[in-house]
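*Asks:* What follows is a predicted protein model with its sequence.
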Amino acid sequence: MDYSKLKQIAAERAVEEIKDGMIVGLGTGSTAKFATIKIAKKIKEGHLKNIYGIPTSKKTEELAAELGIPLLSLNQLFNQQPRTKNNEPRTKNQEQRTKNNEQFNIIDITIDGADEVDSELNLIKGGGGALLREKVIAQNTKRLLIVVDKTKISEKLGTNFFVPIEVLQFALESEINFLESLGAKTKIRKTETDELFITDEGNFIIDAYFGKIDNPAELSSLLNERAGVVEHGIFLNKLVDSVYYSSDNGVEIFRVS
Ligand code: 5RP
């Protein structure tokens, strides 16, 4: 089976988890695109009702709007508190909020791709440059479903993919210096026409080649502490609900325990 077909079957399997009345995060990239297309089709055919999509990038927003998926921004979602089909307020007021993040998170399901998935279901994301909004949406999501084909799996992150790091334009050279001090080789992300790639939030991306990453949590904290780094593409498994992995044998689902 070709890779595009494998992406499609993983994405469409994950869409089966979406039920009427859900708020759905719409991922970015060629695999997540199959999910967005399928969601739109199900809405159009009346198989999914009262769905609102929250796009993870301007590109996905354009696609979803074109396909007729009703959309809300994250801010609108928090302000409007859209109601479930039972007419219950979707968000709980302050007193009702529990410590359980799952209840606190406002988006029911997000379906997104990944560039690499390790044996503990930690991820590298950001190959498409949308890592910042993707992580913001992920941290507001009850169940993040990651859809990948067989090429994305490796024992350790960094085996097959670099870590995309979104940095302030102002701090570009200083962040390159910092990343190289951590042992990474770096490349500034460019567009196909050789211009500097600018993210939806107006930042640059440095692609950092660390080699195999033994401790993704440690690297993630180091990057989190660094001023000038706006966000990075390591998504620890605590953000993830399940990985939908497709191969010639079909789709397997790995859940984060
Ligand atoms: C975009 C992403 C994508 O999900 C990731 O790059 C995978 O893309 P694709 O499905 O095209 O392989 O993180 O920022």
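*Replies:* Everything's here; your move. All of these numbers come straight from a predicted model, not from anything done at the bench.
*Asks:* Please point out which parts of stretch 149-163 sit buried.
*Replies:* Counting neighbours by 16 or more other C-beta atoms under 10 Å, one finds that the buried residues in stretch 149-163 are 149, 152-154, 156-158, 161-163. Just so you know, the C-beta spots here come from the backbone N, C-alpha and C atoms, and that holds for glycine as well.
*Asks:* Disregarding residues adjacent in the polypeptide, which is nearest to Leu6?
*Replies:* Asp149 (3.8 Å; C-beta to C-beta, 6 or more residues apart in numbering).
*Asks:* Show me what the helix or strand hosting Gly25 pairs with in its sheet, parallel or antiparallel.
*Replies:* For Gly25, the enclosing helix or strand under DSSP states H and E is strand 23-26. Here strand 23-26 is paired, per DSSP bridges, with strand 52-55 (parallel), strand 107-112 (parallel).
*Asks:* show me where the stretch 151-257 of the chain has helices.
*Replies:* With DSSP state H, counting those that start in this stretch as the criterion, the stretch 151-257 of the chain has helices at 172-181, 216-225.
*Asks:* show me where pLDDT drops low in the stretch 1-150 of the chain?
*Replies:* Applying pLDDT under 70 to the stretch 1-150 of the chain picks out residues 81-103.
*Asks:* if we can go back for a sec, mind checking the strands paired with strand 23-26 for the one nearest to the ligand?
*Replies:* strand 107-112 (5.4 Å; C-beta to the nearest ligand atom).
*Asks:* Now do whichever helix or strand comes after the closest one: which elements does it pack against?
*Replies:* Per DSSP H and E, the first helix or strand lying C-terminal to strand 107-112 is strand 116-117. Here strand 116-117 touches strand 123-124, going by 3 or more C-beta pairs under 8 Å, 6 or more residues apart in numbering; DSSP states H and E.
*Asks:* what's the strand it packs on packed up against?
*Replies:* Secondary elements touching strand 123-124 (3+ C-beta pairs under 8 Å, 6+ apart): strand 116-117, strand 234-235.
*Asks:* so which helix or strand takes in Ala35?
*Replies:* Going by DSSP H and E, Ala35 is part of helix 30-44.
*Asks:* hmm, back to that, closest one to Ala10 among the strands paired with strand 23-26?
*Replies:* strand 107-112 (9.5 Å; C-beta to C-beta).
*Asks:* got the angle between that closest one and helix 30-44?
*Replies:* 130 degrees (axes from the mean of the first three to the mean of the last three C-alpha atoms, to 10 degrees).
*Asks:* for the chain, what spans make up the strands?
*Replies:* In the chain, the segments counted as strands under DSSP state E are 23-26, 52-55, 107-112, 116-117, 123-124, 141-149, 163-167, 185-188, 204-209, 229-232, 234-235, 242-247, 250-255.
*Asks:* I'd like these written out as JSON lines, with distance to the ligand added.
*Replies:* Formatted as JSON lines, these follow (distance: least, C-beta to the nearest ligand atom, whole Å):
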{"stretch": "strand 23-26", "distance to the ligand": "11"}
{"stretch": "strand 52-55", "distance to the ligand": "12"}
{"stretch": "strand 107-112", "distance to the ligand": "5"}
{"stretch": "strand 116-117", "distance to the ligand": "9"}
{"stretch": "strand 123-124", "distance to the ligand": "8"}
{"stretch": "strand 141-149", "distance to the ligand": "7"}
{"stretch": "strand 163-167", "distance to the ligand": "7"}
{"stretch": "strand 185-188", "distance to the ligand": "16"}
{"stretch": "strand 204-209", "distance to the ligand": "10"}
{"stretch": "strand 229-232", "distance to the ligand": "11"}
{"stretch": "strand 234-235", "distance to the ligand": "9"}
{"stretch": "strand 242-247", "distance to the ligand": "12"}
{"stretch": "strand 250-255", "distance to the ligand": "15"}
